[in-house]
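Colleague: 3D model of this:
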Amino acid sequence: MPLSWFACAHCGFWQHHFAPPDCPVCTDVRNDLPADGWRFLPEADVAATHDGTVREVAPGLWAFTTSPALGLAGTGWLIVRDGGNIAFEAAPYYSAAMLAQLRALGGIRFLSASHAHGYGALFQLQRVFAPDVVAIQRLDLRMTKAFRVNMPFDDRLALAPGYTLHHVGGHYEGQACLHDAPGRRLFCGDMFKIDQDAAGRSHAISSHKAFHKDIPLTHMELRQYRDTIAPLDFDALLTPFEYAPEVDRAVALAALDDGLSRAPGVHRLPL
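Modeller: Okay, here's the model as predicted:
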């Protein structure tokens, strides 16, 4: 069997493999195992059955989503800027039309993601656009077999002036956030879960080790989050799944302070 790319039908995680024996995301404590056993989708099958949408959610900020939903159904964010575009997180798969839109917007110079739940089809973006920088925090390099990292980092990495990756850990050992100082935005990975209604209005915020299982973070992990984001100015929060312009630095810190004020547990703070 030739070496190729396969997506886990359960969570959407991509592997470059001959025949994946299992999925490292599904076997991890943060996720459930597929009830019907392993099923891995060759890239050709995904390409034949999936399309996607592209929308500008704020000036110069674009969201790429895959349809029908694949795996965790995350969003790929693109910051369009002079000096080279920044892609953070990735859609589960990019159709030819989505790639054409990316090309029309100027391609990708800097490519990164918070952790494995946001990797999506990063391998496609690297294969098509050959970005100068592919940056992942060093503790999560074990999850990057589908693409090649050329800029591992420790505590922080400045991708470009005003755009800095910060290691936050917690939800995943190597989880990182991206602070977009010019846009006053924080791409927070899964540091936070934002509960939203059908119209996309945010109504609660929480932090977890595992969202689906309500496994809480420890106080040390919450303090690491707080210590990292407290010096950062931002007026909007973006996860791999939600765009929350209602959640600014004060709200995010209030959620962490609420968690630190009680015994470890999962509590959703109303907004």
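Colleague: which residues of the stretch 151-271 of the chain score low on pLDDT?
Modeller: Applying pLDDT under 70 to the stretch 151-271 of the chain picks out no residues at all.
Colleague: ranges for the strands of it?
Modeller: Using DSSP state E, counting those that start in this stretch, the strands of the stretch 151-271 of the chain run over 151-153, 156-160, 163-167, 176-180, 185-187, 193-196, 202-206, 236-238, 243-244, 269-270.
Colleague: any chance you could map the helices in this structure?
Modeller: 43-49, 96-104, 122-129, 219-229, 249-260 (DSSP state H).
Colleague: CSV for those helices, including distance to residue 169 and mean neighbour count?
Modeller: Bear in mind the C-beta positions are built from the backbone N, C-alpha and C, glycine included. Shown next, in CSV, are those (distance: least, C-beta to C-beta, whole Å; neighbours: other C-beta atoms under 10 Å):
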stretch, distance to residue 169, mean neighbour count
helix 43-49, 31, 14
helix 96-104, 30, 15
helix 122-129, 20, 20
helix 219-229, 6, 18
helix 249-260, 14, 18
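Colleague: Go through these and name the closest to residue 157.
Modeller: Nearest to residue 157, of all the helices of the chain, is helix 219-229, at 13.4 Å by C-beta to C-beta.
Colleague: if I pick the residue nearest in space to the middle of the chain, what's in contact with it?
Modeller: When C-alpha atoms, centre = their mean is applied to the chain, the residue found nearest the centroid is residue 118 (2.9 Å). Neighbour list for residue 118: 74, 88-90, 189-190, 240 [criterion: C-beta atoms under 8 Å, 6 or more residues apart in numbering].
Colleague: repeat for residue 124
Modeller: Contacts of residue 124 (C-beta under 8 Å, 6+ apart): 90, 93-94, 99.
Colleague: my read: residue 170 touches residue 221, true?
Modeller: Yes. Residue 170 lies in contact with residue 221 (C-beta atoms under 8 Å); the separation is 4.2 Å.
Colleague: Mind listing the shared neighbours of the two?
Modeller: Common neighbours of residue 170 and residue 221 (C-beta under 8 Å, 6+ apart) are residue 209.
Colleague: Check the burial of residue 187 by counting its neighbours.
Modeller: Under the neighbour criterion other C-beta atoms under 10 Å, residue 187 is assigned a count of 28.
Colleague: Residue 112 is in contact with that one, correct?
Modeller: No. In this structure residue 187 lies outside contact range of residue 112 using C-beta under 8 Å: 9.0 Å.
Colleague: Determine the number of other residues adjacent to residue 214.
Modeller: A count of nearby residues for residue 214, using other C-beta under 10 Å, gives 11.
Colleague: Return the distance of it relative to residue 74.
Modeller: Relative to residue 74, residue 214 is positioned 20 Å away (C-beta to C-beta, to the nearest Å).
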